[in-house]
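>>> Predicted coordinates and the sequence they were generated for:
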Amino acid sequence: MTRHLVIFARTPHVGRVKRRLAREIGVLAATRFYRATLATTLRRLTADRRWQVWLFVTPDDSLGHPIWRGTRRRRQGRGDLGQRMRRPFETLPPGPVVLVGSDIPAMRPRHIARAFALLGRHDLVFGPGSDGGYWLIGSRRVRPLPRALFAGVRWSTPQALADTLLSIPARYSVALADTLDDVDDAADLDRARAAQAT
């Protein structure tokens, strides 16, 4: 069965990406960071034949943007983050789905491969962030996502992963993949750059 890798991405328009980071390092610098990270992510992950890559993009009217050229893409659609994250799991062709963000500089194909491997033995997989959130969610899709998944999640807080895990019924088996971090602020950016330098 085909493995589906979904990358959630925002069109890299100046002033519309990484707003928290932009308040600390400036709008242009934050946009440059996001563009570079997005381009690197696409290059690394779309070249791997172990999965089929889908971009779910926002805003919805940016589907034709040149940066997406050559990739399968769909709109994220309306709703809060949880509602938009459910969409790929409910609409893509059969096969396991792993969904990731587009602002995780340390993400490599080996991290994605490990998440898919965990789905061979578990219903759901999460990639924790050290800040209490998560950078990856995957589903084997042998049964529907739990109905309450993502309901009441305090997004962008240290409770995001814990809230999500609490909404999963005991009959679902859950595994944790590698811990990686996205970049939300200048301190995150400094850590990411230091890690890349080593």
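Noted; the coordinates are in hand.

>>> in the worst-scoring helix or strand of the chain on mean pLDDT, what counts as buried?
Using mean pLDDT, DSSP states H and E, helix 186-197 stands out as the lowest-scoring helix or strand of the chain, at a mean of 88. Neighbour counts over helix 186-197 (16 or more other Cβ atoms under 10 Å) mark 188-189, 192 as buried. From N, CA and C alone the C-beta is placed, and that goes for glycine too.

>>> Looking at the residues you listed, which is nearest H4?
Proximity of these to H4 (Cβ to Cβ) peaks at A192, which lies at 26.8 Å.

>>> For the nearest residue to the closest one once chain neighbours are set aside, give me the pLDDT.
Leaving out its chain neighbours, the residue that sits closest to A192 by Cβ to Cβ, 6 or more residues apart in numbering is P105, at 4.5 Å. For P105, the pLDDT comes out at 95.

>>> what's the answer for T198, then?
Reported pLDDT for T198: 68.

>>> Identify the residues contacting the longest helix along the chain?
Across the chain, the longest stretch assigned as helix under DSSP state H is helix 27-46. Helix 27-46 is contacted from outside by 5, 7, 9-10, 12-15, 17-19, 21-22, 25, 53, 55, 67, 70-71, 102-105, 107-109, 112, 183, 189, using Cβ atoms under 8 Å, 6 or more residues apart in numbering.

>>> thinking again about what came up before, state the three-state secondary structure for the residue nearest to A192.
coil (DSSP: H, G, I helix; E, B strand; the rest coil).

>>> Repeat that for G138.
In three-state terms, and counting by three-state DSSP, G138 is strand.

>>> and it, what are its bridge partners?
Under DSSP bridges, the beta-bridge partners of G138 are V98, V125.

>>> one step back: give me the buried entries from the contacts of helix 27-46.
Using 16+ other Cβ under 10 Å as the burial test, the contacts of helix 27-46 include 5, 7, 9-10, 12, 17-18, 21-22, 53, 55, 67, 102-105, 107, 112, 183, 189 as buried.

>>> mind listing which of those residues are in strands?
Counting by DSSP state E, the part of the buried ones among the contacts of helix 27-46 found in strands is 5, 7, 9-10, 53, 55.

>>> excluding its backbone neighbours, what's nearest A160?
Closest residue in space to A160, ignoring its immediate chain neighbours: G133 at 4.2 Å, by Cβ to Cβ, 6+ apart.

>>> Surely that neighbour is in contact with A162?
No: G133 lies out of contact with A162 (Cβ atoms under 8 Å); the separation is 9.9 Å.
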